[in-house]
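> Just a sequence and a predicted model for now, questions to come.
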Amino acid sequence: MNWIRKTLFTLHLIVGIGALAGGYGCLADIYNPLGAPLTLLENSPFTSYFIPGLFLFGVIGLGNIVCSILVWRYSIVGMISSLALGLALSAWIVIQCVILQGIEALHIIFLVIGLVQTGLSLWKLIQSGDLAYLLGELIN
């Protein structure tokens, strides 16, 4: 396994474990998870942390755990899932900053991680020729 896959495996595992913990915290106490007041959601369509917690736990958390396994075991499927989850993490952070109307250090860190996941997986797909093959299959 090359350094790109090792790096992606590690990043997806770390993000997955963190998102599972954060998502569980939101689901365990939907009105004041991990000390976050409900007033943070004033500019959002949510009245509690249930839906954001469910997304964080299910998509970001479980998705990154599954992705880490796919990156480890299956090159092309792992890279495609890594690309998708890198984009999902980046979008999640941007949307969160817009809703919360603020940026914290963790937002920047996780946005960078999402962009690194996206960039490395895209690079690996291009480098291996798999992206050209997949695009060719989509066109035909």
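Nice, thanks for sending it over. Numbering: from 1, shown residues only.
> can we go C-alpha only for contacts and neighbour counts from here?
Fine.
> ok, residue 111 - how many residues close by?
Look at residue 111: counted by other CA atoms under 10 Å, it has 20 neighbours.
> Once you drop chain neighbours, what's closest to it?
In space, and not counting its chain neighbours, residue 111 is closest to residue 90: 5.1 Å by CA to CA, 6 or more residues apart in numbering.
> Does the nearest residue to residue 4 once chain neighbours are set aside lie in a helix or a strand, and which?
Nearest non-adjacent residue to residue 4, counting by CA to CA, 6+ apart: residue 120, 6.5 Å away. Using DSSP states H and E, the element containing residue 120 is helix 105-128.
> That helix: which residues count as buried?
Buried residues in helix 105-128, counted by 16 or more other CA atoms under 10 Å: 107, 110-125.
> try stretch 74-83
Within stretch 74-83, the residues that count as buried by 16+ other CA under 10 Å are 75-76, 78-83.
> Over to stretch 5-13?
Neighbour-count burial for stretch 5-13 flags 5, 7-9, 11-13 (criterion: 16+ other CA under 10 Å).
> what bits of this protein have low per-residue confidence?
1 (pLDDT under 70).
> can you pull out the helices in it?
For the chain, helices defined by DSSP state H occupy the ranges 3-28, 50-55, 63-73, 75-100, 105-128, 130-139.
> rewinding a little: give me the distance between the residue nearest to residue 4 and residue 14.
Using CA to CA, to the nearest Å, we find residue 120 at a distance of 16 Å from residue 14.
> Also residue 26?
Distance from residue 26 to residue 14, by CA to CA: 18 Å.
> Looking at the two, which is more packed in?
Each of residue 26 and residue 14 has its neighbours counted (other CA under 10 Å); residue 26 has more, 25 against 16.
> for that one, what are its contacts?
Neighbouring residues of residue 26 by CA atoms under 8 Å, 6 or more residues apart in numbering: 32-34, 49-50, 52-54.
> What subset of these is buried?
Buried, going by 16+ other CA under 10 Å: 32-33, 49-50, 52-54, out of the contacts of residue 26.
> ok, those vs residue 66, which is closest?
Nearest to residue 66 among the buried ones among the contacts of residue 26: residue 54, at 16.4 Å, using CA to CA.
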